[in-house]
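In: Using only what follows, build the 3D model:
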Amino acid sequence: MHPKLFEIPFIHWPVPSYGLMMVIAFLVAVSLIRYLSRNITPNPQYITNASLYSLIAGVVGARLFYVIHHFDDFQGRLLSVFAIWNGGLELLGGVLLAIAVIGFYCRYHKLPVRRYLDILAIGLMLALAFGRIGCFLNGCCFGKPTNLPWAVRFPYRSDAYYSQIYPVPERNRPQPQLKLPEEFFGYYYEDGKRFYGLKPYKDLTQEQKYMVDKGPYRCLPVHPAQLYSSVNGAVLALILYLFWRRNQEAGDSKNRKKLFTKPGCTFSLMFILYGITRFFIEFIRDDNPFEFDGLTISQNIGIAMIVFGVLLMVIFEKMKPQQSK
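Out: The predicted structure follows:
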């Protein structure tokens, strides 16, 4: 776990791993989208502009989704809603708002919206593959305890560690998974304020440090759920690309008799595939609370995405193909 990868010399500005991977994900996705769109528009600047707007919308949407999801944590300190440098982004919210912004942008410039959205779907899944690596380095979106040989352990005071040492009623867990002695708790100061809770690592004795690093009180091994999601994004990007190529070949040969070859179908398939895979990945994650019908909010959104994707697929299949501008 490396929430801060390195510090910029002289100005001592820490570079967060999650933010850096988000930037890399954005650049990779834009490069791919520009390449795949070269036959749609003579002006690649449209793609760059749309991508920049989607980046801004993605950050806003991801933060908004997180704030809504954890609204109780912001009561009495609403200004902290804007402190995104302290963490707190949910990728799904960013993706949904980014899609909406790109849709409006294409409509405004009279661009072939569905053809752009098809390519955007491939880019989004590739961006997901890189973005989830940032989640792994940051320590968020962690998985459930497991004894699988590829399980990972997160450090003391990480999100996964906190989840294991406290009861989590929101996940129907009345007892902690890791029973920590009272000597690890106490008063400490942070940013000039006094708190009571799990002691900072620096305040532990050498014996206690050993026990949380290599002894009986180290973090339980968990599923690297973030890396599962990263692989999932890469696989979905490949599947969507092959599906998009199939549809392109059908369009070039004027053979639209094959099912689901119309513009927009690749975009629709993204909702279906991601909704399905996200639903099942949630079963091995251990961070999101159960909220509706014994499912996490992401699982409920995943079901909605599947239904939405199927409806879009049917609607787009009945529409006429779009022409390039």
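In: start to end distance for stretch 201-212?
Out: End-to-end distance of stretch 201-212: 9 Å, with CA to CA, to the nearest Å as the criterion.
In: got any ranges where this protein has weak pLDDT?
Out: Where the chain drops to pLDDT under 70, the residues are 1, 3, 6, 12, 41-42, 44, 70-92, 252-257, 321-325.
In: can you map out the strands along it?
Out: Secondary structure of the chain (DSSP state E): strands at 4-8, 13-16, 185-190, 193-198, 290-292, 295-296.
In: And the second one, what's buried?
Out: Using 16 or more other CB atoms under 10 Å as the test for burial, strand 13-16 gives Pro16. To be clear about C-beta, it is placed using only N, CA and C from the backbone, and glycine gets the same treatment.
In: ok, that strand: who's next to it in the sheet?
Out: Paired strands of strand 13-16, with direction, are strand 4-8 (antiparallel) (DSSP bridges).
In: who's in contact with the strand it pairs with?
Out: Trp13, Pro14, Val15, Pro16, Ser17, Leu20, Leu137 (CB atoms under 8 Å, 6 or more residues apart in numbering).
In: Output those in a markdown table; the columns should cover distance to Arg107.
Out: Below are those laid out as a markdown table (distance: CB to CB, whole Å):
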| residue | distance to Arg107 |
| --- | --- |
| Trp13 | 39 |
| Pro14 | 40 |
| Val15 | 37 |
| Pro16 | 35 |
| Ser17 | 36 |
| Leu20 | 33 |
| Leu137 | 37 |
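In: And the residues you listed, which two are furthest apart?
Out: Taking CB to CB, the two most distant members of the contacts of strand 4-8 are Trp13 and Leu137; they sit 17.6 Å apart.
In: one step back: which of the strands of the chain is buried the deepest?
Out: strand 295-296 (a mean of 19; mean count of other CB atoms under 10 Å).
In: Looking at the strands of the chain, spot the one closest to Thr266.
Out: For the strands of the chain, the distance to Thr266 is smallest for strand 295-296, at 27.3 Å, taking CB to CB.
In: quick check, nearest of the contacts of strand 4-8 to Phe26?
Out: Nearest to Phe26 among these: Leu20, at 10.7 Å, using CB to CB.
In: so the closest one touches Gly134, yeah?
Out: Yes: look at Leu20 against Gly134 with CB atoms under 8 Å: they come within range, at 7.0 Å.
In: Between these two, which is the more surrounded one?
Out: More neighbours surround Gly134 than the other of Leu20 and Gly134, with 26 against 17 (other CB atoms under 10 Å).
In: which phi and psi does Arg38 have?
Out: phi -60, psi -20 (degrees, to the nearest 10).
In: Outside of stretch 16-30 itself, list whatever touches it.
Out: With contact meaning CB under 8 Å, 6+ apart, stretch 16-30 is reached by 2-5, 47-48, 51, 55, 85, 87, 89, 123-124, 126-131, 133-135, 137-138, 140.
In: same deal with stretch 204-222?
Out: Applying CB under 8 Å, 6+ apart, the contact partners of stretch 204-222 are 142-148, 151-156, 158, 160-161, 164, 177-178, 180-181, 183-184, 201, 286.
In: ok now that stretch, how far from the chain's centre?
Out: From the chain centre to the centre of stretch 204-222 is a distance of 30 Å (CA atoms, centre = their mean, to the nearest Å).
In: what does stretch 148-160 give?
Out: Using CA atoms, centre = their mean, the offset of stretch 148-160 from its chain centre is 19 Å.
In: how long is it end to end?
Out: In stretch 148-160, first residue to last residue: 17 Å (CA to CA).
In: picking that back up, got CSV for the strands of the chain, with distance to Ser230 too?
Out: Written out in CSV, the entries for these read as follows (distance: least, CB to CB, whole Å):
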stretch, distance to Ser230
strand 4-8, 17
strand 13-16, 18
strand 185-190, 32
strand 193-198, 29
strand 290-292, 25
strand 295-296, 19
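In: Leu64: which of these is closest?
Out: Nearest to Leu64, of the strands of the chain and by CB to CB, is strand 290-292 at 17.4 Å.
In: what are the pairing partners of that closest one, and which direction each?
Out: Here strand 290-292 is paired, per DSSP bridges, with strand 295-296 (antiparallel).
In: So which residues make contact with the strand it pairs with?
Out: Contact with strand 295-296 is made by Glu282, Arg285, Asn288, Pro289, Phe290, as judged by CB under 8 Å, 6+ apart.
In: Appreciated, that's everything.
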